[in-house]
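Visitor: Sharing a sequence plus its predicted fold:
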Amino acid sequence: MSGIALLVLALATIAMRAAGPAAPTLAARLARRATGLAPALLAALIVTQLVDDDGLPAANEASAGIAVAAVLVVARVPVVLCVAAAALVTGLLRL
């Protein structure tokens, strides 16, 4: 099921990127709505990493990495460093 959802999202992303050059003047209303898609998709991906197959919170390496990233975001560390720290913690815990 998640493979189908991933495929649908990938095709939607390709379609949106292909439509960009073809329609240089999008309506402001559509543009405002589209800017909120990336954070919503990122939040959905994070939630899917934080739960297991039963829908219960998962205590795994990814959860630790996300927790580290969340703490750094609250501390207003640049996003690139948050992602790098989360990847480092997750990778080290998977050794």
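Guide: That came in fine, so what should we check first?
Visitor: Identify all contacting residues around the biggest helix by length in the chain.
Guide: Counting by DSSP state H, the longest helix found in the chain is helix 2-22. Applying Cβ atoms under 8 Å, 6 or more residues apart in numbering, the external contacts of helix 2-22 come out as 34, 41, 48. Heads up, the C-betas are built off the backbone N, CA and C, glycines and all.
Visitor: can you list contacts of the one helix or strand residue 68 maps to?
Guide: Here residue 68 sits within helix 61-74, counting by DSSP states H and E. With contact meaning Cβ under 8 Å, 6+ apart, helix 61-74 is reached by 46, 49-50, 57, 79, 81-83, 85-87, 89-90, 93-94.
Visitor: average model confidence for that helix?
Guide: Per-residue pLDDT values over helix 61-74 give a mean of 91.
Visitor: Could you list the buried residues of it?
Guide: For helix 61-74, burial by neighbour count (16 or more other Cβ atoms under 10 Å) applies to 62, 63, 64, 65, 66, 68, 69, 72.
Visitor: Render the CA-only coordinates of the helix or strand that that helix is followed by in CSV, please.
Guide: The first helix or strand that comes after helix 61-74 along the chain, using DSSP H and E, is helix 79-93. Extracted in CSV, the C-alpha atoms of helix 79-93 (Å, rounded to 0.1, in the frame of the first residue of the first chain):
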residue,chain,number,x,y,z
VAL,A,79,18.0,22.9,9.1
VAL,A,80,21.1,21.4,7.3
LEU,A,81,22.8,20.8,10.6
CYS,A,82,19.6,19.3,12.1
VAL,A,83,19.3,16.9,9.2
ALA,A,84,23.0,16.0,9.5
ALA,A,85,22.8,15.4,13.2
ALA,A,86,19.7,13.3,12.8
ALA,A,87,21.3,11.2,10.1
LEU,A,88,24.5,10.8,12.2
VAL,A,89,22.6,9.7,15.3
THR,A,90,20.4,7.3,13.3
GLY,A,91,23.5,5.9,11.6
LEU,A,92,25.5,5.4,14.7
LEU,A,93,22.6,3.6,16.5
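Visitor: Let me see the mean pLDDT of helix 79-93.
Guide: 94.
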